[in-house]
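Trainee: any chance you can model this:
(chains A and B)
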Amino acid sequence: MAFDNAYEALADAHDDARWAFGTGFEDPLSGVDTTVPSGVDGDDLARYCLMLGDDALVLSHRLQEWCTRAPELEDEVAIANIGLDLLGQARLLLARAGKADGSGRGEDHYAYFRGEHEFRNVRLAEREHADFAQLVAVVLVLTTWRLAVFQRLRTSADPVLAAIAQKGVNELTYHRDYAAQWVVRLGDGTETSHATMVAAFDDVWPLVAELFETHDVERRLPGVAADPAEVRGEFDDVLAQVLSAATLETPQVRAKAGVAGGKGRDGRHTEAMGYLLAELQSVARAHPEATW
Amino acid sequence: MVTARTGESTGTIASAREVAETVTDPELPMLTLADLGVLREVTETADGVTVSITPTYTGCPAMDTMRDDLVHALQRAGFEDVEVRTVLHPPWSTDWITERGRRRLAEAGIAPPGPAPQRGAGPVPVQLLPPRRQVSCPHCGAVDTEAVSEFGPTACKALRRCPACAEPFEHVKEI
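Mentor: Numbers count the residues shown, from 1 in each chain, chains lettered A, B, ... in the order given. Take a look at the predicted model:
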């Protein structure tokens, strides 16, 4: 087989048996019936999938930053696994968006070629983790929220979203337990670990209220989307249980305001988001024609 | 209906299903995709073969290799047009692993999963302590083993250790 250069050979999708994970199969929804149910607005469904997909993609990226930096090998592996599960959920949801809006755009378009203002994740997902306590606080909050939302989405009128959610529930249960157990260990640990865990929750809590604000997109998708305001009670119950076992109290801090009324779901992000996207997107943008 | 086939097939012609059932998991090569329970359907028509598989974990990178291995195995058996489809519903659970699959896992030193958790309509209870599971040591058979981590070298496995024989081992965790 002749190639003009080594890069062409690497990108060749016809002789894919040589590559473990570069096999030329690009669509994670290949063969899935992605017809938009009648009565559902495809553009709104796509926007909703981007909200849930971006939460997973951006948090997954933050978890990947912990590779080689976790306190123990077992936690290194656990964090990488959680990041991988979330990345898988993101891939399906971004691919679902491209089918729902009729654009046919693939997951890579949404992950690599959107600007910061086009990302729809909540701002908590993009928060940097200054230490391990912040990591487990963010993962506990976001997975508790996501698990409750996905449980409701199992009966979504969109069968693709329902199937993604049903699979996700099983995975998120493991993620939430991991974070909850660490919060208890640190909160109910030494004086130092307790103080670090208190500081971590104080730090992330201003971004918690945003999770439960019903967005216009969610209002326009009754029966398809889950109303996040409805999961607040369940979230509070789980957090109360974990914080109590960890000898911690619910932080009393004010919610972080939006910018000109906009928050993460509107594409208004914190300063951290630009740096995160620069790292996530730079290779794809430098080589937009590349395949891998 | 059997399609016109070319290639290396000689002697007894295996059906597309028989060929697909021989393909093994890239990470757990002691298991066929059929034993793992991810091979959902194989249909032969005049236009070719369609294989439906379902992912174990949403992000499992082995999915692409599974699709690739299925296409190659079927093409080697003479089926030229092969389409591999993803099925998301119903979601895969460890309960789909066959009895033979469980035996093969244990023989390879990997503890097979117990029954998958049954979830009702209500909220999923949070576990504040590592779950107490009865997982026997695949090396010495001791019943009491300890959880090291619920996450292991692949998405589907947990890490455990056996105090009796002091050996670590992997466990396909229930999902």
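Trainee: tell me which residue is most central in the chain.
Mentor: You didn't pick a chain, so chain A it is. In chain A, the centroid-proximal residue (Cα atoms, centre = their mean) is A:A56; its distance is 1.2 Å.
Trainee: nope, chain B
Mentor: In chain B, the residue lying closest to the centroid (Cα atoms, centre = their mean) is B:L36, at 2.7 Å.
Trainee: which residues touch the closest residue in space to B:T24 that isn't next to it in sequence?
Mentor: By the measure of Cβ to Cβ, 6 or more residues apart in numbering or on different chains, the closest residue to B:T24 outside its immediate chain neighbours is B:T32, 5.4 Å from it. No exception for glycine: its C-beta is placed from N, CA and C like everyone else's. Applying Cβ atoms under 8 Å, 6 or more residues apart in numbering or on different chains to B:T32 gives the contacts B:21-25, B:39, B:101.
Trainee: next, give phi and psi for B:T32.
Mentor: phi -80, psi 160 (degrees, to the nearest 10).
Trainee: what segments of the stretch 1-150 of chain A are helices?
Mentor: Assigned by DSSP state H, counting those that start in this stretch, the stretch 1-150 of chain A shows helices spanning A:6-11, A:42-64, A:73-100, A:107-112, A:123-126, A:132-153.
Trainee: you'd agree A:E116 is up against A:R268?
Mentor: No: between A:E116 and A:R268 there is no contact under Cβ atoms under 8 Å: 9.2 Å.
Trainee: how is chain B divided into domains?
Mentor: B:16-86, B:132-175 (automatic domain parsing).
Trainee: I'd like these as a markdown table, with mean pLDDT appended.
Mentor: As requested, the domains of chain B are exported to a markdown table (pLDDT from 0 to 100):
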| stretch | mean pLDDT |
| --- | --- |
| domain B:16-86 | 93 |
| domain B:132-175 | 92 |
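Trainee: tally of neighbours for A:A290?
Mentor: A total of 11 residues lie near A:A290 under the criterion other Cβ atoms under 10 Å in any protein chain shown.
Trainee: also B:P168?
Mentor: That count, for B:P168 with other Cβ under 10 Å as the rule, works out to 13.
Trainee: how far away is it from B:V143?
Mentor: Distance of B:P168 to B:V143, given as Cβ to Cβ, to the nearest Å: 17 Å.
Trainee: tabulate the helices of the stretch 1-150 of chain A in JSON lines, adding columns for mean pLDDT and distance to chain B.
Mentor: Formatted as JSON lines, these follow (pLDDT from 0 to 100; distance: least, Cβ to the nearest Cβ, whole Å):
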{"stretch": "helix A:6-11", "mean pLDDT": "56", "distance to chain B": "15"}
{"stretch": "helix A:42-64", "mean pLDDT": "98", "distance to chain B": "8"}
{"stretch": "helix A:73-100", "mean pLDDT": "96", "distance to chain B": "2"}
{"stretch": "helix A:107-112", "mean pLDDT": "94", "distance to chain B": "12"}
{"stretch": "helix A:123-126", "mean pLDDT": "98", "distance to chain B": "16"}
{"stretch": "helix A:132-153", "mean pLDDT": "98", "distance to chain B": "6"}
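Trainee: what's the closest of the ones you listed to A:R285?
Mentor: Checking these against A:R285 by Cβ to Cβ gives helix A:107-112 as the closest, at 6.6 Å.
Trainee: pull out the buried residues from the closest one.
Mentor: For helix A:107-112, burial by neighbour count (16 or more other Cβ atoms under 10 Å in any protein chain shown) applies to A:107-108, A:110-111.
Trainee: for stretch A:156-170, same thing?
Mentor: A:156-158, A:160-170.
Trainee: next up, phi/psi of B:P168, please.
Mentor: Torsion angles, degrees, to the nearest 10, at B:P168: phi -80, psi 160.
Trainee: report the beta-bridge partners for it.
Mentor: B:R161 (DSSP bridges).
Trainee: quick one: it and A:F201, what's the gap?
Mentor: 34 Å.
Trainee: same question, B:A46
Mentor: In terms of Cβ to Cβ, B:A46 sits 62 Å off from A:F201.
Trainee: got it, and A:A148?
Mentor: Going from A:A148 to A:F201 by Cβ to Cβ gives 19 Å.
Trainee: cool, B:S149 as well?
Mentor: From B:S149 to A:F201 the distance is 24 Å (Cβ to Cβ).
Trainee: same question, A:H129
Mentor: Counting by Cβ to Cβ, the gap from A:H129 to A:F201 is 13 Å.
Trainee: same question for B:P29.
Mentor: Taking Cβ to Cβ, one finds B:P29 at 44 Å from A:F201.
Trainee: those two: which is more packed in?
Mentor: Counted by other Cβ under 10 Å, B:P29 and A:F201 do not tie: A:F201 has more neighbours, with 26 against 10.
Trainee: wait, that one touches A:A137, no?
Mentor: Yes: counting by Cβ under 8 Å, A:F201 touches A:A137, with 5.3 Å between them.
Trainee: next, count neighbours for A:A260.
Mentor: That count, for A:A260 with other Cβ under 10 Å as the rule, works out to 7.
Trainee: which non-adjacent residue is nearest it?
Mentor: A:A260's closest residue in space is A:R268 (Cβ to Cβ, 6+ apart), at 7.2 Å.
Trainee: after the longest helix along chain B, heading C-terminal, what element do we hit next?
Mentor: Using DSSP state H to define each element, chain B has its longest helix at helix B:62-76. Reading on from helix B:62-76 to the C-terminus, the next helix or strand found by DSSP states H and E is strand B:82-86.
Trainee: quick check: buried residues in that next one?
Mentor: B:82-86.
Trainee: next one: stretch A:38-56
Mentor: Quick answer for stretch A:38-56 (16+ other Cβ under 10 Å): A:40-42, A:44-56.
Trainee: ok, now which ones touch the residue lying closest to A:F119 once chain neighbours are set aside?
Mentor: Leaving aside its sequence neighbours, A:F119 sits nearest to A:D54 (Cβ to Cβ, 6+ apart; 5.0 Å). A:D54 makes contact with A:90, A:119-121, A:125, according to Cβ under 8 Å, 6+ apart.
Trainee: between those residues, which is nearest B:C156?
Mentor: So of those, ranked by how close each gets to B:C156 (Cβ to Cβ), first place is A:A90, at 19.3 Å.
Trainee: all strands of chain B, in order?
Mentor: Secondary structure of chain B, counting by DSSP state E: strands at B:39-45, B:48-53, B:82-86, B:110-111, B:146-149, B:157-161, B:168-172.
Trainee: contact partners of the third one?
Mentor: In other words, strand B:82-86. By Cβ under 8 Å, 6+ apart, strand B:82-86 touches A:25, A:28-32, B:48-55, B:63, B:67, B:70-71, B:74-75.
Trainee: buried only: go through those for me.
Mentor: A:25, A:28-29, A:31-32, B:49-55, B:63, B:67, B:70-71, B:74-75.
Trainee: and A:A90, how many neighbours does it have?
Mentor: 29.
Trainee: that one and A:G53 touch, don't they?
Mentor: Yes: the pair A:A90 and A:G53 passes the contact test of Cβ under 8 Å, sitting 4.8 Å apart.
Trainee: thinking again about what came up before, wouldn't the residue nearest to A:A260 be in contact with A:A257 here?
Mentor: No: taking Cβ under 8 Å as the definition, A:R268 is not a contact partner of A:A257, at 10.4 Å.
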